[in-house]
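# My questions concern the predicted model and sequence given below.
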Amino acid sequence: MAINTLKTQHSLTREQKEAVGLLSIGTFLEYFDLMLYVHMAVLLNELFFPKTDPFTASLLYAFSFCVIFIFRPIGALIFGYIGDHIGRKSVVIMTTLIMALSCIVMAILPTYAQIGIAASWIMIVCRILQGMSSIGEIIGAELYLAETITPSLRCSSVALLGTFSVLGATAALGVSSLVFLMKLEWRYAFAIGALIALIGGVARTSLKETTDFSDAKRRINESFNKNQIEKSSLINDPFFNEPVNKKTVLALFMMDCSWPVCFYIGYIYCSDILKNTFGYTGEQVIKHNFFVSLSELLIFILLTYLASKFNPLKILKTLMIIFMFFCTYCIYSLENLTSIFQLFFIQSVIVAYGPIIMVAAPILFSHFPIFKRFTYVGTIHAISRAAIYTGTSFGLIYLTNIMNNHYGIFTLLIISSSCFAFGLFHFEKLEEEKNA
């Protein structure tokens with residue numbers, strides 16, 4: 001009866017609105033804390049790493065960026081196990097508190113000049129914890145809403161999380177700009193992030209477990225109680241051990257690989273162009289990227305609205321076509337770059353229209369068995385980020401030393417878009433078969 005009610009529901013209940021609000025705010029805080037160091041790296045890398053030559057410094061910068069993604073698969077396995085065996089609610093609370101703890105440490109951490117290499121290692125550990133907790137946070141929040149809210153509203157609700165993640169990154173850029181502009185103590189930003197994250201973690205204790213997960217657990221328990229079977233026999237239960245389609249795993253992985261390429265090129269690679277071609281300082285780069293993130297935020301707000309009106313898979317296909325046409329313009333513009341506005345436009349299109357699954361995430365996730373969903377989705381997301389960010393960060397350093405043009409960027413964009421297209425067509429086929 002409850003399931004039928006859920007299917008005919010046309011608006012969110014008060015409880016669901018509270019869940020959307022708490023998870024959206026939590027996602028905002030997670031991405032604010034996570035991206036704060038990324039966007040302040042031009043300042044913080046000098047404080048926490050030893051001074052060295054420019055090439056080595058670029059490698060250290062790449063490492064400080066990648067370290068938050070390299071250990072994400074471990075976090076995905078840990079939090080995936082907890083999410084699939086204990087519940088989604090436990091994960092979203094734990095990850096928020098871990099993020100708060102890492103921010104507290106960053107706020108009070110002495111610099112390299114004060115305690116030497118120990119500062120570098122402690123900072124790296126904090127970044128690792130932030131990366132591991134962020135994978136549990138975003139996947140946990142997405143699954144929580146995807147398994148709680150009626151199908152007609154869940155895609156727009158999950159897309160709202162994407163909007164708040166961009167808002168968090170935008171806020172991190174805004175705070176970074178203020179730190180430079182007003183010459184404030186950078187530690188205050190981490191202290192504020194830690195305080196709000198602690199409040200958010202406590203507030204999330206009021207959430208209930210997701211509808212789909214609770215219902216699946218109830219069905220399992222009722223089945224075993226009715227037949228007086230030991231729960232240890234779950235290992236042979238077909239519902240509990242529903243197999244995962246390998247092609248579906250590959251499709252989601254290929255789709256997840258696209259956005260990291262766009263993020264890195266839009267914010268990191270283009271930041272180097274701002275510094276090396278236009279002579280921008282670190283402060284000017286942060287301010288410039290703040291306005292780029294505002295463009296991204298506006299598009300995400302629009303996508304969140306469109307997800308409630310149109311088929312999310314068709315929205316992704318439309319974005320993908322627009323983006324692939326733009327890739328050709330991108331390489332031409334980078335090769336003939338003459339103004340800041342031209343670069344701003346390139347960045348804005350790459351980060352705003354770059355292929356990302358957020359709008360259709362509930363549809364994609366529904367094709368994974370519920371008792372394996374958190375582990376698989378989280379691990380796929382984590383491995384894609386770790387592989388692409390690491391490969392792109394270090395690969396482009398050497399690629400740009402070998403090649404004096406931007407054709408490597410064009411190649412990356414085309415390959416990532418093609419991978420996204422492959423995954424999208426696979427899920428479209430699955431949806432057609434399900435609805436046939």
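Sure thing, it's come through. Numbers count the residues shown, from 1 in each chain.

# if you skip the residues just before and after it, what's nearest to Pro369?
Glu242 (3.8 Å; Cβ to Cβ, 6 or more residues apart in numbering). From N, CA and C alone the C-beta is placed, and that goes for glycine too.

# distance of that neighbour from Ser348?
42 Å (Cβ to Cβ, to the nearest Å).

# Looking only at neighbour counts, state which of these two leads.
The neighbour count for Glu242 versus Ser348, taken as other Cβ atoms under 10 Å, is higher for Ser348 (19 against 12).

# And the pLDDT for Ile357?
Ile357 carries a pLDDT value of 90.

# swap in Ala57?
For Ala57, the predicted pLDDT is 69.

# same question, Phe425
95.

# Mind giving me the packing neighbours of the helix or strand hosting it?
Take DSSP states H and E as the rule and Phe425 turns out to sit in helix 407-435. Of the remaining helices and strands, those touching helix 407-435 by 3 or more Cβ pairs under 8 Å, 6 or more residues apart in numbering; DSSP states H and E are helix 246-256, helix 258-263, helix 312-335, helix 361-365, helix 373-402.

# same thing but at 6 Å, please
Other helices and strands packing on helix 407-435, by 3 or more Cβ pairs under 6 Å, 6 or more residues apart in numbering; DSSP states H and E, are helix 246-256, helix 258-263, helix 312-335.

# Find the nearest non-adjacent residue to Trp186, please.
According to Cβ to Cβ, 6+ apart, the nearest residue to Trp186 is Val179 (5.1 Å).

# Check what contacts stretch 68-84 and list those residues.
For stretch 68-84, contacts defined as Cβ atoms under 6 Å, 6 or more residues apart in numbering pick out 90-91, 127-128, 130-132, 135-136, 371, 374-375, 378-379, 382-383, 385-386, 389.

# let's see 7 Å
Identification of contacts with stretch 68-84 by Cβ atoms under 7 Å, 6 or more residues apart in numbering yields 34, 90-91, 95, 127-128, 130-133, 135-136, 140, 371-375, 378-379, 381-383, 385-386, 389-390.

# same deal with stretch 157-174?
20, 23-24, 27-32, 35-36, 39, 138, 141-142, 145-146, 149, 286, 289-290, 293-294, 296-297, 300-301, 303-304, 307, 358-359, 361-362.

# could you dump the helices and strands packed on helix 407-435 to CSV with mean neighbour count and mean pLDDT?
Shown next, in CSV, are those (neighbours: other Cβ atoms under 10 Å; pLDDT from 0 to 100):
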stretch, mean neighbour count, mean pLDDT
helix 246-256, 19, 94
helix 258-263, 24, 87
helix 312-335, 17, 84
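
# Using TSV, lay out those helices together with distance to Tyr188.
Below are the helices and strands packed on helix 407-435 laid out as TSV (distance: least, Cβ to Cβ, whole Å):
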stretch	distance to Tyr188
helix 246-256	34
helix 258-263	26
helix 312-335	37
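
# just so I know, which of the ones you listed lies nearest Phe344?
helix 312-335 (11.0 Å; Cβ to Cβ).

# just the angle between the closest one and helix 246-256, please?
40 degrees (axes from the mean of the first three to the mean of the last three Cα atoms, to 10 degrees).

# Can you name every helix or strand that helix 312-335 contacts?
helix 282-307, helix 340-353, helix 407-435 (3 or more Cβ pairs under 7 Å, 6 or more residues apart in numbering; DSSP states H and E).

# Next, the buried residues of the last one.
Looking back up the chat, that one is helix 407-435. Across helix 407-435, burial judged by 16 or more other Cβ atoms under 10 Å covers 408-410, 412-413, 416-417, 419-421, 423-424, 426-428, 430-431.

# cool, stretch 278-294 as well?
Tyr280, Gly282, Gln284, Val285, Ile286, Lys287, His288, Asn289, Phe290, Val292, Ser293, Leu294.

# Just the closest of the residues you listed to Ser271, please.
Val285 (5.0 Å).

# can you list the weak-confidence ranges in this structure?
1-10, 42, 53-58, 219-241, 393-406 (pLDDT under 70).

# which residue is nearest the middle of it?
In the chain, the C-alpha nearest the mean C-alpha coordinate belongs to Ile138, at 6.4 Å (Cα atoms, centre = their mean).

# In this structure that residue contacts Gly26, no?
No - counting by Cβ atoms under 7 Å, Ile138 does not reach Gly26; the two are 9.7 Å apart.

# where exactly do the helices run in the stretch 101-250 of the chain?
Here the stretch 101-250 of the chain has its helices, by DSSP state H, counting those that start in this stretch, at 112-115, 117-146, 151-181, 187-203, 211-227, 246-256.
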